[in-house]
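*Asks:* How does the following fold in three dimensions:
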Amino acid sequence: MMFLGSSGSLLTQLSSPNSVVLDSSTNTLYVADTGNHRILSFEPNVTTGVLVAGGAGAGTSSTQLSSPTDIYYDSSSRTLFIVNLGSHCVVRWVIGAFTWSLVAGIPGSTGTTPLTFNNPQGLTLDSAGNLYVADTNNHRIQFFRSGNVTGTTIAGTTSTAGASSSLLYGPRSVKVDSQFNLYVADTTNHRVQMFQRC
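*Replies:* This is a model prediction of the structure:
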């Protein structure tokens with residue numbers, strides 16, 4: 001699948017997409033269409049998307065997204081977990097629903113507390129359903145046990161950017177392997193860091 005031409009808001013166009021995820025059971029592709037504040041899905045060999053989340057303009061209401069930058073698809077519940085960069089939160093959007101439910105962060109509010117983010121950009125979940133978020137402008141990775149809205153910093157130091165092995169500088173992406181080791185795209189330091197499970 002390829003899109004040609006200028007960016008736009010039609011269902012055949014994208015605006016600054018930042019992330020994709022594939023449903024391996026159906027080969028449906030989900031795209032974080034960041035500039036259009038929405039998530040689109042694309043069936044195999046189809047270039048017209050289907051709106052599955054957002055699309056009501058940028059905002060903090062439960063029908064809106066604000067610059068979604070990363071998505072994680074849970075096939076067992078047909079759910080998208082979405083990093084809502086412009087709203088400083090992570091939301092959960094069930095495929096077919098018209099609204100999201102809040103997972104972490106306070107929509108529209110930045111901060112450095114265990115309850116808040118500052119321009120988060122990446123997320124992943126582990127096999128136990130725990131959430132990991134790259135809290136970019138706080139230079140840290142936040143860990144949320146499944147169902148818990150209070151985060152714990154497991155990599156980096158809140159509001160402290162640096163280049164030592166214990167610090168991060170603008171991390172944007174995070175992944176976890178089957179042994180729960182953490183991999184972080186430490187963007188402004190131009191490196192990838194691995195943090196072994198303790």
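*Asks:* Excluding chain neighbours, what is closest to residue 179?
*Replies:* The spatial neighbour of residue 179 that comes closest, neighbours along the chain excluded (C-beta to C-beta, 6 or more residues apart in numbering), is residue 197 at 6.2 Å. To be clear about C-beta, it is placed using only N, CA and C from the backbone, and glycine gets the same treatment.
*Asks:* brain fart, residue 177
*Replies:* residue 183 (7.3 Å).
*Asks:* tell me the contacts of the one you found?
*Replies:* Contact analysis of residue 183 by C-beta atoms under 8 Å, 6 or more residues apart in numbering lists 174, 175, 176, 177, 192, 193, 194, 195.
*Asks:* Next, the buried residues of stretch 160-180.
*Replies:* Across stretch 160-180, burial judged by 16 or more other C-beta atoms under 10 Å covers 161, 167, 168, 169, 170, 171, 172, 173, 174, 175, 176.
*Asks:* make that stretch 128-139, sorry
*Replies:* Under the neighbour-count criterion of 16+ other C-beta under 10 Å, stretch 128-139 has 130, 131, 132, 133, 134, 135, 136, 137, 138, 139 buried.
*Asks:* can you check stretch 114-125 too?
*Replies:* Within stretch 114-125, judged by 16+ other C-beta under 10 Å, the buried ones are 116, 117, 118, 119, 120, 121, 122, 123, 124, 125.
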